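> have a look; sequence and predicted model below, questions after that.
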Amino acid sequence: MYDAIHGSGRGVTDDLLEAAGATVVRRRCTRDPTFGGVAPEPGPETLAGLPDAVAEHDADLGIANDGDADRISICTPERGVVNGHLLFAGVFEALLTDGNANGAAIRTVSTTFLVDRIAEAHGVPVHEVPVGFKWIAQGMAMHDGLFGGEESGGYTVRDHIGEKDGVLLALLAAAATAVEQFDERLDGIFETHGDVYASKRSVDCPDELKGQVVEDLSSSIPDRVDGLEVTETVTLDGFKLLLSDGSWILVRPSGTEPKLRVYAESPEEERINRLLDAGADILEPLVARHRQA
């Protein structure tokens, strides 16, 4: 099942999947400059109908590109729309195992540590970079990376262009699924490396206040978050607080919107919202203070 959201992937991604041997059912693959009245973002809201379409056609995998087809989301029969963390983990694992490839992963500071566990099991390194694909491209070139990407759905692979490409990743995701159903692949990854849960939240902040808020963050980092000790603070891009159980939160300014971002990951699903709350509780008083100044 391929969903173009009426974007530029229509007639490209779907045709390439067919040429590679897939049977493709097309969804929203007609030309529409309004993208059907929705933002052409391959996220859960825009793709709300894709899980039902996958089920209706008994498809092995749903694939969607954003408007200019440089990003990708996938939808599996069991999980529905899969977040970008798990897409990274699944494709990276497939390259290392099915493809017998070898090489580093390049991931942004906001992307799952599950990638690190997979890499460690295969004896390959991981290089963490700031958010933004230019840093991923730089890391791929510097470290001869095998696979690079970010949780927002942009990825690239060795010997390809130094930019994200949702068309190539559609082929890689389909190839991985042809070897092993993507749900089963993820089940195996979790069984081997442990469960992870991740989410993010935004806090409104005018662009002109972001610098001041970030500057103040260094003196506002707590010793504990949700009862867990902060074991390390990474300042590669914003402030990433590593916690004693393997959880983490990241607070950083958005580069595209008047917002601050809070990201969280934990092996315990019920902890995620508490971690996001904790991150917001750090940021909101700082934003309010500077609004009043």
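Perfect, I can see it now.
> CA only for contacts and neighbour counts going forward, please
Will do.
> now stretch 23-33: average pLDDT?
Averaging pLDDT along stretch 23-33 gives 97.
> what's the span of it, first residue to last?
27 Å (Cα to Cα, to the nearest Å).
> so how far is it off the chain centroid?
Mean C-alpha position of stretch 23-33 versus that of the full chain (Cα atoms, centre = their mean, to the nearest Å) differs by 24 Å.
> how about stretch 221-239?
On Cα atoms, centre = their mean, the centre of stretch 221-239 falls 21 Å from the chain's centre.
> just stretch 83-90 next, same as before
With Cα atoms, centre = their mean, you get 6 Å for stretch 83-90.
> let me see the contact set for the spatially most central residue of the chain.
Central residue of the chain (Cα atoms, centre = their mean): E151, 1.4 Å from the mean position. When contacts are counted by Cα atoms under 8 Å, 6 or more residues apart in numbering, E151 is found next to N83, G84, H85, F88, T108, S110, T111, T112.
> biggest separation within those, which pair?
N83 and T108 (14.8 Å; Cα to Cα).
> those helices in this protein, which residues are they?
13-19, 50-56, 84-97, 114-121, 133-143, 166-179, 182-193, 207-217, 272-292 (DSSP state H).
> closest to G37 out of the ones you listed?
helix 50-56 (16.2 Å).
> what average pLDDT does that closest one get?
98.
> then stretch 128-148?
So the average pLDDT for stretch 128-148 ends up being 97.
> same question for stretch 261-274.
97.
> run the chain-centre distance for that stretch.
With Cα atoms, centre = their mean, you get 15 Å for stretch 261-274.
> if we can go back for a sec, quick one: buried ones out of the contacts of E151?
N83, G84, H85, F88, T108, S110, T111, T112 (16 or more other Cα atoms under 10 Å).
> in a markdown table: those, plus pLDDT and distance to A141.
Converted to a markdown table, the buried ones among the contacts of E151 look like this (pLDDT from 0 to 100; distance: Cα to Cα, whole Å):
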| residue | pLDDT | distance to A141 |
| --- | --- | --- |
| N83 | 95 | 26 |
| G84 | 96 | 22 |
| H85 | 97 | 22 |
| F88 | 98 | 19 |
| T108 | 98 | 15 |
| S110 | 97 | 20 |
| T111 | 97 | 19 |
| T112 | 97 | 21 |
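> for these, which one is nearest E128?
Nearest member of those to E128, counting by Cα to Cα, is T108, at 5.4 Å.
> ok, and the closest non-adjacent residue to the closest one?
Closest residue in space to T108, ignoring its immediate chain neighbours: V129 at 4.7 Å, by Cα to Cα, 6 or more residues apart in numbering.
> next one: G7
Distance criterion Cα to Cα, 6+ apart; nearest residue to G7, sequence neighbours excluded, is G67 at 4.2 Å.
> so how far is V157 from that neighbour?
G67 is 21 Å from V157, by Cα to Cα.
> out of the two, which sits in the more crowded spot?
Shown here are G67 and V157; by other Cα atoms under 10 Å, V157 has more neighbours (24 against 20).
> okay, now the residue nearest to that one when sequence neighbours are not counted: neighbour count?
Nearest residue to V157, sequence neighbours excluded (Cα to Cα, 6+ apart): F147, at 4.5 Å. Residues lying near F147 (other Cα under 10 Å) number 24.
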